[in-house]
Each structure stands twice: as structure tokens, then as C-alpha cells.
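S.K.: sequence first, predicted model second:
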Amino acid sequence: MKITASITYYYFFCFLLVILLISAKAFAEEGNGNAEQPAEVKKSDFPDGFLFGVSTSSYQIEGAILDDDKSLSNWDVFVRKRGSVNNGDTADIAADHYHRYLEDIEIIHSLGVDAYRFSISWARILPRGKLGDVNPAGIMFYNKIIDNLLIRGIKPFVTIHHYDFPQELLDRYGGWLSPFMQDDYAHFAETCFKYFGDRVRYWITMNEANLLSELAYEKGIYPPGRCSPPFGNCSAGNSDIEPLIAMHNMLLAHSKAVKLYREQFQHKQGGMMGVAVSAMMYEPLSDDELDKEAANRALAFSLAWGLDPLVYGDYPPEMRRYHGKELPTFTSEEKQLLSNSTDFIGLNHYATVYAKDCIYSNCMCSNSTCLPGENRAIKGFVSTITERDGVPIGEPTGMFQTFIVPRGIKEIVDYAKKRYPDKPVFIVENGYCPPWEHGEVDDLRHDTKRVEYHKAYIASLAQAIRDGADVRGYFIWTLMDAFEWSSGYDLKFGLYSLDRVTLNRIPRLSAKWYRDFLRKTSLKDLESRSAIPAINQDGLVPNVKDGSAEMA
Ligand code: FCB
């Protein structure tokens, strides 16, 4: 009797357990709202081999503008022009990375990233461009960076050109307005392949040729500061035409470097060649067909302007349709050179905006939230707007027309997947800088907003991958607060804040969050990496002063 009762209890208990487990699972899925959208994104949501990293660029952190035979760059000269940079800031010292690179590599290592994206200062390794000699001190500096990354198991992801080049090339040719820059650039790229290529597997030829053309030759706020009304009031320039010429030269320069790499280096060195483009997402302001077309046009005039030539060998048909003869043409030989000249696409994604048609509608920018020139061909006859019916597209950040819109990263990746189906994508920049009113203290240590930002953008990216996009990496902009071009030090994107007096790197909450995010599920990856240095109570890694970590 007793035995029968126990068996009954046993079965009853098992039955209860099963019911409990089923309801717990259903509850968990319901709690997620949508089982497809995990509440907390994890590293394990990404495919094996996916690279998580941080990005920087030479000019923004190195300082040491005249050390060891480096020549002055276009930026070194530009920042000295009154009114070119907020507060008259310069990057003469910046984060002094040139002297503190070992400490910085320890910090990068402590984060547990797979890869580090940095750029080479053209003026440091070829102070006089093609006309002069290679500077051994410059080569040694980047060799030390590459070797120190590799011995810590971190992959170098190298941008050859990120906005800065020897001033002499600007004086001699007029910079990117001249076709002579193409061969000078190819020589620079070849020098990089020759000296660093045995250890570099990921190359980015150029950073954001599409944005650079706009900022330097349409708005005139980056060197050489050329523009014309209504875009700006510069002493010289033509905003309707010069951006197109500068871009043309940069695209051809890219294609020459890639040809060189593929013919002379790729088979031995086995690396991939890519490009980084500014990848703003545009959504139609309304359901009106005209605004939908405007959003498509805006994407063609920005992202596809930089990518169609490198994949299909010519400018987007949308641009041909609306530009007259001011849009340069490629010879059939150039088309061949350009076609399929990138192994991967690097996207720098920060902003999503609404697009409004300016072909059939009346667009006249009249306040500080819009941009002039929206009814011109160079802007694709599109007005970019950040609110709809008085509601902003997302929470504000510190950058003009940049709001927090996590869905935008999936949308831009989906666009690239559709337009360039065979090209793998790396997100090589994505980051947050707080609006000014958030205040120094909050911003310095407790950057919860930045943590939420990255969680949301990474989750949206994971969804794009689940939906079939071939995305292979995600890099946070940036490691530590840096010289943010014409904004100087006013914009702070760093996982680490930089004390401007002591130049101490102070970890923000976001640095600790990224480290935890990367560590949680990555034990397997960590086995292939040397031990991560201990971190003290402040989250600081011990300072490496004696260069003991350097390769012999
Ligand atoms: C990108 C640049 C990068 C940095 C971020 C904030 O356009 O590539 O150097 O300044 O913006």
C-alpha cells in the first residue's frame, strides 16, 4: 500500500516538474516580448570568428607631431588657422599615444578584444610623400604596435589613410583635387604592404572618402577648407563640383593600391583589402512615394557613391541620372580596375535621419537643425531632417544630426546586403558621445548611456546577422577620448576618458561593460590569447614603463 502511494507521489511530482519547466520557458519567451530579440545581447549571439574590437586613428591620438623626423600633416597646419577647430584645440599632444602606445596596448588587451583598428600617419613614414625617403623611425613605431598586438593575440586591423597626409602634398598638388595624389597614395600603400604586410591580415585603404569629400570640399570644415555658398563661406572652392573630383581621385587611388596588393603581396601575405565608408541611414520622412525615393536617393548619393564604383566599376545610376557632366567619368580601363576592388565593406555607422524630397517639394533650410544646399544635385535633392511631427528620431547625442536609433545599424547592413550581396561587412566604427548638458562628472565615470547605446546597437546587429547578413566584425569608436577633428576635444567618444592635464586614461563604466561582455562567453577565444593583465580597483591596468613587453 505504502509502496503504491510512494509511486503515485513520485509520478505526481514528475508531472508537476514538467508543467513547471514548460511554464518557465513560456514565461521567459513572453518576457522577451519577442523571442527573436534577446533582452541582453551576448557575445555568443555572434558567429565563430566574429571580431570585436576598438578603433582609433593616428592623428586623433598620437601627438608627437614633429618627433623623429615626422613632417607636418595637412591637419597640423589646418588646426592653426583661426576658427578651424573648437576652442583653438590642436592635436600636437592629443593622447600622446606615440609615447604611451605600450600602456594603450595593455589597455586594449585588458578589454579582451579580438582586433584593434588603427591608422598609419602618412607624414610619419613618408614625410615627403613619394618624393622623399621612407622614415625608419616611423616604420619602427608601427612595427612595435603591430608586434605588441600580435604577442597579445590581438589582430591588427590597419587603415592606411585616415584623413591625414603630408602637408607637402597639399602644397605641391592641391591634395585630393589632383590626380597626382593617386600615385602618391599608391606609393604610400605599397610602403605599408612592404614593411607591415607580413603581419597584417586586414587592410582598409581609406577612411570615409565619401564623408571627407563632403567635409573638406563641400562644407569646408576639414582641410583644405574649400567651399562655396550656400554650403559655407570659404575663401575658395566650389561645393557643387569639387567633392565629386576629390572622391574620383580617392576611388582611383584605392583601386591602384588594391591592384598592387593583389599582384605583388596578397598571395604571400594572404590579407583582405577593404574600405571604410561613412554609412548614415536614411528613412523616408513620410509614407509618400516621393520621400521613399528621396531616402533611396540619399543612400545612393552617400553610401553607394563610395561603394558602387568599387564593386560594379561605376558611379550609382541614381547619381548619373541627377548629375550633369560635373560627375566625372571612368575610362573603360579604370572601370576594370575599380570593379570588384574590395574584398570587404567597412561601415562607419553613427546616424539615422529622415529624408524629405526636394525635387517636387519646396525645401528651403531656414533653421539651425537643417543643412543648406538640400535643393542641389550634390545633395541628391534631399533634405535630411531629424524629427517627424515634432518628435525627434531618437535620443540626442553630442553630434549634429546624430540621435540614438539602434534599428539604423540593421537597416544599413540590410541595405548593403541587398546592394552588394557578395561582400562581407565589418562595422569598423560605431560609438556614442554625450550631449554637452550631461556634464563632466557623469560623463567621466558613469556613462550608462554609452553602455545602453552599445547594447542596443549590438543587439540590432545580431538581428541583422540572424536575418542572413554576412557581418564579420564590430569595432567601437573609440578606445579613449581623442581629438575629434573640427570639434577638438569637445566630443568624447572614449571607453576611457582622458585627463587632459595628466593624460591618464580613466576607464569609464562602458570599458568595464565591454570587457565583461567580451569575457562572459569567450573562454574558448581567450585560450588562444595570453593572460589578460590584472586590473586594480580603479579598473586600471598596471603601467608598462620599461617596454618589457616589446618584441626583441
Ligand atoms: C568618423 C571618423 C572618426 C571619428 C568619428 C567620430 O566620421 O571616421 O575619425 O572622428 O567620426
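M.R.: That came through fine. Residues are numbered from 1 along each chain as shown.

S.K.: what's the helix or strand where residue 294 lies packed up against?
M.R.: Residue 294 is part of helix 289-299, with elements assigned from DSSP states H and E. Taking 3 or more C-beta pairs under 8 Å, 6 or more residues apart in numbering; DSSP states H and E as the contact definition, the neighbouring helices and strands of helix 289-299 are strand 281-284, helix 317-322, strand 352-357, strand 382-385. Glycine gets a C-beta too; all of them are placed from N, C-alpha and C.

S.K.: for the third one, name the packing helices and strands.
M.R.: Secondary-structure packing of strand 352-357 (3+ C-beta pairs under 8 Å, 6+ apart): strand 281-284, helix 289-299, strand 382-385, helix 407-419.

S.K.: now render these as CSV, adding mean pLDDT.
M.R.: Formatted as CSV, the helices and strands packed on strand 352-357 follow (pLDDT from 0 to 100):
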stretch, mean pLDDT
strand 281-284, 98
helix 289-299, 98
strand 382-385, 96
helix 407-419, 98
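
S.K.: okay, the ones you listed in JSON lines with distance to the ligand and mean neighbour count next?
M.R.: Output for these, formatted as JSON lines (distance: least, C-beta to the nearest ligand atom, whole Å; neighbours: other C-beta atoms under 10 Å):
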{"stretch": "strand 281-284", "distance to the ligand": "14", "mean neighbour count": "23"}
{"stretch": "helix 289-299", "distance to the ligand": "17", "mean neighbour count": "21"}
{"stretch": "strand 382-385", "distance to the ligand": "16", "mean neighbour count": "24"}
{"stretch": "helix 407-419", "distance to the ligand": "14", "mean neighbour count": "20"}
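
S.K.: mind checking the pLDDT average for stretch 174-181?
M.R.: Stretch 174-181 comes out with an average pLDDT of 98.

S.K.: chain center to that stretch, what's the gap?
M.R.: When distances are taken as C-alpha atoms, centre = their mean, to the nearest Å, stretch 174-181 is centred 24 Å away from the chain's centroid.

S.K.: what's the closest residue in space to residue 199 that isn't next to it in sequence in contact with, if anything?
M.R.: Counting by C-beta to C-beta, 6 or more residues apart in numbering, residue 146 is the residue found nearest to residue 199 once chain neighbours are left out, at 5.1 Å. When contacts are counted by C-beta atoms under 8 Å, 6 or more residues apart in numbering, residue 146 touches 156, 158, 196, 199, 200.

S.K.: pull the contacting residues for residue 154.
M.R.: When contacts are counted by C-beta under 8 Å, 6+ apart, residue 154 is found next to 105, 108, 109, 113, 114, 115, 116, 529.

S.K.: per-residue pLDDT, the residue most central in space within the chain?
M.R.: Centroid-nearest residue in the chain: residue 429, 2.4 Å away (criterion: C-alpha atoms, centre = their mean). According to the prediction, residue 429 has pLDDT 99.

S.K.: so what secondary structure elements neighbour the helix or strand hosting it?
M.R.: Under the criterion DSSP H and E, the helix or strand holding residue 429 is strand 425-430. Packing contacts for strand 425-430, counted by 3+ C-beta pairs under 8 Å, 6+ apart, involve strand 51-55, strand 272-278, strand 344-348, helix 407-419, helix 448-466, strand 471-477.

S.K.: which one of those lies closest to residue 181?
M.R.: strand 272-278 (16.2 Å; C-beta to C-beta).

S.K.: given the closest one, what are its sheet partners and their directions?
M.R.: The strands that strand 272-278 pairs with in its sheet are strand 202-207 (parallel), strand 344-348 (parallel) (by DSSP bridges).

S.K.: so what touches the first one?
M.R.: When contacts are defined by C-beta under 8 Å, 6+ apart, strand 202-207 is touched by residues 57, 115, 117, 119, 155-163, 189, 192-193, 250, 253-254, 257-258, 261, 271-276, 346, 348, 426, 428.

S.K.: same question for the shortest one.
M.R.: In this structure, residues lying in contact with strand 344-348 by C-beta under 8 Å, 6+ apart are 204, 207-208, 211, 272-279, 307, 412-413, 416, 420, 423-430, 472, 477.

S.K.: how about a cut-off of 6 Å?
M.R.: The contact list for strand 344-348 (C-beta atoms under 6 Å, 6 or more residues apart in numbering) reads 204, 208, 272, 274, 276, 278-279, 416, 423-429.

S.K.: tell me what angle that strand forms with strand 51-55.
M.R.: When axes from the mean of the first three to the mean of the last three C-alpha atoms, to 10 degrees is applied, the directions of strand 344-348 and strand 51-55 differ by 50 degrees.

S.K.: now the strands for the stretch 101-250 of the chain?
M.R.: Counting by DSSP state E, counting those that start in this stretch, the stretch 101-250 of the chain has strands at residues 115-119, 155-161, 202-207.

S.K.: can you list those in JSON lines and add mean neighbour count?
M.R.: Written out in JSON lines, the entries for these read as follows (neighbours: other C-beta atoms under 10 Å):
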{"stretch": "strand 115-119", "mean neighbour count": "26"}
{"stretch": "strand 155-161", "mean neighbour count": "24"}
{"stretch": "strand 202-207", "mean neighbour count": "26"}
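
S.K.: thinking again about what came up before, adding mean pLDDT and distance to the ligand, write the strands paired with strand 272-278 out as CSV.
M.R.: Formatted as CSV, the entries for those read as follows, by pLDDT from 0 to 100; distance: least, C-beta to the nearest ligand atom, whole Å:
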stretch, mean pLDDT, distance to the ligand
strand 202-207, 98, 5
strand 344-348, 99, 5
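
S.K.: CSV for those strands, including distance to residue 317?
M.R.: Output for those, formatted as CSV (distance: least, C-beta to C-beta, whole Å):
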stretch, distance to residue 317
strand 202-207, 23
strand 344-348, 19
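
S.K.: follow-up on the earlier one: what would the strands of the stretch 101-250 of the chain look like in CSV with distance to residue 450?
M.R.: Below are those laid out as CSV (distance: least, C-beta to C-beta, whole Å):
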stretch, distance to residue 450
strand 115-119, 18
strand 155-161, 22
strand 202-207, 22
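
S.K.: can I get the helices and strands packed on strand 352-357 in a markdown table with distance to residue 184?
M.R.: Supplementary listing: these in a markdown table, determined by distance: least, C-beta to C-beta, whole Å:
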| stretch | distance to residue 184 |
| --- | --- |
| strand 281-284 | 34 |
| helix 289-299 | 31 |
| strand 382-385 | 34 |
| helix 407-419 | 30 |
